[in-house]
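Novice: from the sequence below, what's the structure:
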Amino acid sequence: MRTMRLPRLLLTLTFLTIVGCGDDDDGYCRGEQCVCDERPECRVGCPFPSCTIDCGRTDLCDAECGADCAVDCIDTQRCESACGERCDLSCTRSDTCALSCGAACDVRCAEVSRCDVEVGPDSQVECDRLSSCDVVCTGACTVACSSVGSCDVRCPSELVRCEQDGVLTCAESC
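Specialist: As a prediction, the model looks like this:
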């Protein structure tokens, strides 16, 4: 599993702040709205708060954004996405999803072969109709798996992994 640790996430967000998104030469972004559709490869970076990135029908969607953003990958071979805090990440009908975000994120994977996720504290992950869901929580989190072949959640050492009614959590106690 390829996970993006916090130092790499901070470096990425710093890079995005310098490079920027705005109106780009590739035509992906117009201000805070970025769309990359029907291209072999989409590499989109947007550091603005509340940025929205939509990737569809691509071989690779590599999307990175700052805090309070939303990324939606649909019908891609591989979706790689990283963001700051309070993000909404979604990966649907893809072969592989590798998603990483900070605290208080909502992450969804549906109808994919493999979903690898790393989330910060107070985040929620939903995996639905897929082969493998592998989640690393860096703080308290909730993971719901439905119609999943394998659902694995790893918690930091100070928290315990709990399971109740099909929902896995990393918490101080069960």
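Novice: how about the strands in the chain?
Specialist: With DSSP state E as the criterion, the chain has strands at 29-30, 33-37, 41-46, 52-65, 70-82, 88-92, 96-100, 106-110, 114-119, 123-137, 141-154, 160-164, 167-171.
Novice: gap between the shortest one and the chain center?
Specialist: Distance, stretch centre to chain centre, for strand 29-30: 21 Å (Cα atoms, centre = their mean, to the nearest Å).
Novice: ok, stretch 36-54 next?
Specialist: Distance of stretch 36-54 from the chain centroid (Cα atoms, centre = their mean) equals 13 Å.
Novice: averaged pLDDT, it. What do you get?
Specialist: What stretch 36-54 shows for mean pLDDT is 88.
Novice: what's the answer for stretch 87-107, then?
Specialist: 96.
Novice: equivalent analysis for stretch 167-174, please.
Specialist: 87.
Novice: same deal with stretch 120-131?
Specialist: Average pLDDT, stretch 120-131: 96.
Novice: any idea how far it is from the chain center?
Specialist: Using Cα atoms, centre = their mean, the offset of stretch 120-131 from its chain centre is 9 Å.
Novice: now stretch 117-126
Specialist: Distance, centroid of stretch 117-126 to centroid of chain: 9 Å (Cα atoms, centre = their mean).
Novice: that stretch: end-to-end distance?
Specialist: For stretch 117-126, the first and last residues are 10 Å from each other (Cα to Cα, to the nearest Å).
Novice: who's in contact with the spatially closest residue to residue 145 that is not a sequence neighbour?
Specialist: Leaving aside its sequence neighbours, residue 145 sits nearest to residue 151 (Cβ to Cβ, 6 or more residues apart in numbering; 3.6 Å). (C-beta placed from N, C-alpha, C; glycine too.) By Cβ atoms under 8 Å, 6 or more residues apart in numbering, the contact set of residue 151 is 127, 133, 135, 143, 145, 168.
Novice: can you rerun that using 7 Å?
Specialist: Applying Cβ atoms under 7 Å, 6 or more residues apart in numbering, we find residue 151 in contact with 127, 133, 145, 168.
Novice: show me the contacts for residue 165.
Specialist: Residue 165 neighbours (Cβ under 7 Å, 6+ apart): none.
Novice: point to the residue nearest the middle of this structure.
Specialist: In the chain, the residue lying closest to the centroid (Cα atoms, centre = their mean) is residue 99, at 3.0 Å.
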